[in-house]
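Visitor: Sequence isn't available, so here's the structure alone:
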């Protein structure tokens with residue numbers, strides 16, 4: 001409960017900052033770009049806090065737990081993107097805009113501006129949705145589990161408990177072999193079996209590969225536990241009876257004190273309420289605290305975790321013992337070139353065009369300060385992202401249960417760090433999630449107000465009315481983002497969700513934004529076709545386009561995510577259509 005109390009104190013402090021800053025909000029500029037008063041130092045901290053969000057501290061950490069040292073290459077996309085952003089910052093700040101779609105619209109017209117708003121809102125709703133999920137995950141982890149309940153034949157169990165890993169099997173000491181769990185729907189005769197193979201460490205890799213394509217089977221070492229996760233079709237009933245138990249070991253029901261669903265609702269309510277208070281003024285104040293805590297906690301946590309793991313030799317020994325992670329101490333050879341493209345390109349494209357970073361650039365006192373802040377951020381963000389991935393990699397060597405690997409740094413804060421550092425780190429994670437969620441929730445509201453309402457619906461609206469509608473939109477988009485949390489398959493991790501959202505935004509908006517700032521030859525038709533090509537390709541690639549052409553793709557190309565096809569088509573449309581329509585215009589004149 002101490003962790004929960006520390007987080008509540010932190011949230012109360014943030015609420016106080018938000019209430020105080022809300023009194024300073026008089027105009028839409030105050031709400032959206034903090035009155036254009038941010039100093040370079042504040043900009044660095046606020047840009048860091050919004051960038052190092054759930055995608056980094058949960059998503060990248062999750063990937064580091066899965067692949068090990070190889071994940072250290074992931075920040076390269078951020079590093080290269082930040083370098084180019086530093087070159088764009090001065091020109092962007094001199095425009096005196098409130099949003100990225102405004103820049104695109106001022107150059108390419110109403111249709112391009114409106115499409116940019118749609119693409120931005122689509123991508124950012126996905127990003128906000130998994131911030132809600134991450135906030136719920138923190139609450140779920142720190143509140144812990146209820147006491148285990150032994151399972152007996154004839155007990156009633158729900159479908160949710162069977163599919164969510166709530167049943168835990170613990171084999172008897174030194175047991176090796178196969179055991180069977182059988183459940184039966186109430187009122188039906190058909191039974192569903194779940195096979196658990198308990199093998200010695202040296203056989204784990206081979207046995208796991210053999211079971212890869214089979215449903216309702218688990219393979220574990222003889223000194224590990226197994227979380228039972230049934231796979232049912234959509235028509236299966238909601239309640240089952242335990243028909244048969246393993247003849248060796250024990251099965252227990254392990255339920256969280258606070259369910260993920262309820263925890264996500266609590267996180268969403270706080271984030272929405274806080275964003276409503278004072279917009280970017282409150283976020284900038286919070287980010288000064290969060291950005292500082294991120295840096296301090298990670299600089300301390302990395303060496304502490306490394307020492308506890310026994311150094312690199314201890315990590316190597318631990319990963320060798322686990323058997324199913326043979327490549328976790330390798331940097332090269334884990335990711336194929338296709339994987340590197342899939343993982344680095346979305347982040348690179350997002351950094352170059354991220355509306356959150358531009359909103360803070362617009363909020364700087366002047367263009368020189370904006371460029372200075374981004375140049376410092378290049379190296380600060382690289383160091384922090386490497387520390388996150390490195391810490392997750394180290395913590396993974398002490399965390400054999402994949403269930404805990406989903407939120408490895410949250411788990412490590414409670415189980416692998418000294419008490420005081422664990423509290424500081426947990427507060428850091430909460431601060432990062434809230435800061436990122438608030439920022440990605442504020443931007444769509446700002447864009448809709450600036451690029452739709454104030455531009456075309458009610459250009460002469462009073463500032464008080466504009467601010468009121470901005471706050472209402474925060475609630476509306478917050479509810480939409482919460483609904484999006486249910487749109488992804490439960491097996492989709494934070495890392496994959498982040499890459500998907502980055503791809504929507506990066507392929508649809510970044511090419512047009514760069515063209516608006518630097519290419520005089522780009523045309524309205526070119527921009528519109530680029531946004532449509534990037535958005536549609538991303539949305540349809542996995543479910544439609546790939547299925548249509550999969551028979552004509554090589555095995556490697558079939559592994560491509562949407563990012564390379566989407567950005568390629570987006571850039572081709574921008575260039576080719578602009579050249580064709582420019583020549584047509586010139587000819588007619």
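Guide: Alright, I've got the coordinates. All values derive from a computational prediction rather than experimental measurement. Numbers count the residues shown, from 1 in each chain.
Visitor: domain assignment for the chain?
Guide: Domain assignment of the chain by automatic domain parsing yields the ranges 2-144+260-496, 149-253.
Visitor: Distance across the last one, terminal residue to terminal residue?
Guide: From the first residue to the last, domain 149-253 extends over 5 Å; the measure is CA to CA, to the nearest Å.
Visitor: from the chain's centre, how far out does that domain sit?
Guide: Distance of domain 149-253 from the chain centroid (CA atoms, centre = their mean, to the nearest Å) equals 30 Å.
Visitor: tell me the most buried of the domains of the chain?
Guide: domain 2-144+260-496 (a mean of 21; mean count of other CB atoms under 10 Å). Every C-beta, even on glycine, is put in place using the N, C-alpha and C of the backbone.
Visitor: can you tell me the distance between the two ends of that one?
Guide: 32 Å.
Visitor: Dump the domains of the chain into a markdown table; add distance to residue 575 as well.
Guide: Below are these laid out as a markdown table (distance: least, CB to CB, whole Å):
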| stretch | distance to residue 575 |
| --- | --- |
| domain 2-144+260-496 | 14 |
| domain 149-253 | 43 |
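Visitor: Redo the ones you listed as a markdown table? Include mean pLDDT.
Guide: Formatted as a markdown table, the domains of the chain follow (pLDDT from 0 to 100):
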| stretch | mean pLDDT |
| --- | --- |
| domain 2-144+260-496 | 83 |
| domain 149-253 | 88 |
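Visitor: between these, which one is nearest to residue 521?
Guide: Residue 521 lies closest, by CB to CB, to one member of these: domain 2-144+260-496, at 11.7 Å.
Visitor: who wins for proximity to residue 566 among the domains of the chain?
Guide: domain 2-144+260-496 (9.2 Å).
Visitor: ranges for the strands of this protein?
Guide: Along the chain, counting by DSSP state E, strands occupy 149-150, 156-158, 167-170, 177-185, 192-199, 217-221, 226-228, 239-244, 250-253.
Visitor: Need those strands in CSV (columns: distance to residue 444).
Guide: Formatted as CSV, the strands of the chain follow (distance: least, CB to CB, whole Å):
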stretch, distance to residue 444
strand 149-150, 44
strand 156-158, 37
strand 167-170, 40
strand 177-185, 44
strand 192-199, 43
strand 217-221, 42
strand 226-228, 37
strand 239-244, 41
strand 250-253, 41
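Visitor: hang on, residue 112 packs against residue 511?
Guide: No: applying CB atoms under 8 Å, one finds residue 112 not in contact with residue 511, separated by 11.7 Å.
Visitor: For residue 452, give its distance to residue 113.
Guide: 9 Å (CB to CB, to the nearest Å).
Visitor: Mutual contacts of these two, please.
Guide: The contact sets of residue 452 and residue 113 do not overlap (CB atoms under 8 Å, 6 or more residues apart in numbering).
Visitor: quick one on the thing from earlier: for residue 359, find the nearest of the strands of the chain.
Guide: Short answer: strand 226-228, nearest of these by CB to CB, at 41.7 Å.
Visitor: Name the surrounding residues that touch the closest one.
Guide: Residues from elsewhere that reach strand 226-228 (CB under 8 Å, 6+ apart): 162, 165-169, 181, 194, 196, 218, 220, 251, 401, 403.
Visitor: which residue packs closest to residue 495, ignoring adjacent ones?
Guide: residue 59 (4.0 Å; CB to CB, 6 or more residues apart in numbering).
Visitor: Next up, the contacts around that neighbour.
Guide: Going by CB under 8 Å, 6+ apart, residue 59 touches 130, 493, 494, 495, 497, 498.
Visitor: switch to 7 Å and redo it
Guide: With contacts defined as CB atoms under 7 Å, 6 or more residues apart in numbering, the neighbours of residue 59 are 494, 495, 498.
Visitor: picking that back up, between the strands of the chain, which one is nearest to residue 316?
Guide: Using CB to CB, the strands of the chain put strand 217-221 closest to residue 316, at 17.9 Å.
Visitor: Can you list the helices and strands that that closest one packs against?
Guide: Contacts defined by 3 or more CB pairs under 7 Å, 6 or more residues apart in numbering; DSSP states H and E place strand 217-221 against strand 192-199, helix 204-210, strand 226-228.
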